[in-house]
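S.K.: Got a sequence here, can you build the structure:
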Amino acid sequence: MSISSQGSTLVALGSDGKVFRPAISWLDKRAAEIPREPEWEDETLFGTTGLRYSPAWTGPMLHWLSIHEAQTIQKASKFLLVGDYL
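M.R.: Residues are numbered from 1 along each chain as shown. Purely as a prediction, here's the structure:
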């Protein structure tokens, strides 16, 4: 068996290892509303990672959660991408 996924869909797990909120799909761009942190500026980010900023990435999703759902950050024992969860 093999599993394939596309994008960075974020899954939050509690200390019991169970999902406790709906996953955030990589298609969800809610993190685009947050002003970028200085280290996410295109040239700095690109120079470090070779990638451009995207609100679909895990970092911006976690940042959005820390602002709008702080309880999710506090309750989670770990965050996984959907492929890792499966």
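
S.K.: Contacts made by the helix or strand of the chain with the lowest mean pLDDT with the rest, please.
M.R.: The weakest-scoring helix or strand in the chain, judged by mean pLDDT, DSSP states H and E, is helix 42-49 (a mean of 80). Outside helix 42-49, the residues that touch it by CB atoms under 8 Å, 6 or more residues apart in numbering are 38, 39, 51, 52, 53. C-betas here are computed from N, CA, C, even on glycine.

S.K.: Just the closest of those to residue 24, please.
M.R.: residue 53 (16.9 Å; CB to CB).

S.K.: show me the contacts for residue 3.
M.R.: Residue 3 touches 83, 86, counting by CB under 8 Å, 6+ apart.

S.K.: 469 is where my numbering starts, stick with that
M.R.: Happy to do that; since the first residue is 469 now, the last one works out to residue 471.

S.K.: Make sure it is indeed in a strand.
M.R.: No. With DSSP: H, G, I helix; E, B strand; the rest coil as the criterion, residue 471 is coil rather than part of a strand.

S.K.: Secondary structure element for residue 520, which one?
M.R.: Under the criterion DSSP states H and E, no helix or strand holds residue 520.
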